[in-house]
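>>> Any chance you could fold what I've pasted below:
(one chain, ligands or ions: 1)
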Amino acid sequence: MKLYLLLLISFLIQCSLGRYLETRDNKNDLPSISKTFYKDLDIKIPELSGLKLSASNDFLWGIGDEGQLAQITLKYKVTLLTDFQGIDTEGITIDSKTGDLIVCVEPNTISRITKSSNYKNIVNLFTVKEAAGWKEDGLEGITLFNETQIYVGSQRDALLWHYDIKGNLKKRIELKKVASQITEVADLCYDEEKNRLWVIDSAIKTIFLFNGEVTKLLKTYKLSSSINNPESIAIDRKNGNIWVGEDDDETYRLFRIEMKNL
Ligand SMILES: *[C@@H]1O[C@H](CO)[C@@H](O)[C@H](O)[C@H]1NC(C)=O
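Numbers count the residues shown, from 1 in each chain. Okay, here's the model as predicted:
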């Protein structure tokens, strides 16, 4: 009898210790900000509103509200590649199968910039019906994941849609139901390796980290109040950085946020 009791007690202790360690480890696993640096870009990209790390990991693709497509080295040097005049491009991602760039254009269009045209040619893929006519608060961020899947988000009501690359709508997610503080999607970036989604809200200058399926808020990161209109975000795991760009008339800084545990 005594032996049973002893076994039972040691079993219970092991269980609770295990659970304690598990939750503690999970908390420690999440990335945290260690330091923030910034610099002016050497050439201004008008209203930089989308960023994505290149497949080669050595520069960032940048896109602006006035249709400029640029490559930005990790030393803040800008090469303006194409000017899609008058197209309100707001977010950018890469189709890993073709190397094409996929962008969202306000209010509600998803388009492809083809690599074969040396990034000079843009063709429409599909539209987000619900965001038709949303003018300045339409689509702001896009990310491709698991090769053929797309998350695209809007400024209005912080909505997120899950499409496949052919434009079939799979799911509509209200981010406010998962993270009550969020006010909008300014840009987003899926992290394939960790199956997490990063979303930046420029109105409250905060980054939200969700699980990949967007059913859980994992962590929030408040950015410095001195940052102006942070509308773009890219993850750079190799160097341990998150890059955030300003979409502003006066300043055109690029922020490198050094992360622990990225
Ligand atoms: C992406 O694929 C991985 C591996 O198959 C899977 O675990 C994950 O749930 C997928 N992500 C989403 C958001 O569906």
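
>>> what are the ranges of the helices in the protein?
For the chain, applying DSSP state H gives helices covering 2-29, 175-178.

>>> among those helices, which gets the worst mean confidence?
Lowest mean pLDDT within the helices of the chain: helix 2-29, at a mean of 58.

>>> Low-confidence stretches in the stretch 1-150 of the chain?
With pLDDT under 70 as the threshold, the stretch 1-150 of the chain has low-confidence stretches at 1-28.

>>> Residue of it nearest the ligand, please.
Relative to the ligand, the nearest point of the stretch 1-150 of the chain is Asn146 (3.9 Å; C-beta to the nearest ligand atom). C-beta here means a position set from N, CA and C on the backbone, and glycine is covered the same way.

>>> From Thr98, how far off is that residue?
15 Å (C-beta to C-beta, to the nearest Å).

>>> before we move on, what about Lys205?
35 Å.

>>> So for the two, which residue has more residues nearby?
Neighbour totals were compared for Lys205 and Thr98, and Lys205 leads with 19 against 12 (other C-beta atoms under 10 Å).

>>> And the pLDDT for the more buried one?
For Lys205, the predicted pLDDT is 98.

>>> That one contacts Ser225, correct?
Yes. Lys205 is in contact with Ser225 according to C-beta atoms under 8 Å; the separation is 6.6 Å.

>>> what does the stretch 151-262 of the chain put close to the ligand?
For the stretch 151-262 of the chain, the contact set with the ligand under C-beta under 6 Å from any ligand atom comprises 195, 212-213.

>>> so which of the residues you listed is the most crowded?
Busiest of those [other C-beta under 10 Å] is Gly212, holding 16 neighbours.

>>> how about the nearest residue to that residue, chain neighbours excluded?
Asn195 (3.6 Å; C-beta to C-beta, 6 or more residues apart in numbering).

>>> my read: that neighbour touches Val214, true?
No. In this structure Asn195 lies outside contact range of Val214 using C-beta under 8 Å: 10.8 Å.

>>> So what's the residue count around the closest residue in space to Lys219 that isn't next to it in sequence?
Nearest residue to Lys219, sequence neighbours excluded (C-beta to C-beta, 6+ apart): Leu209, at 4.6 Å. Number of residues near Leu209 (other C-beta under 10 Å) recorded here: 19.
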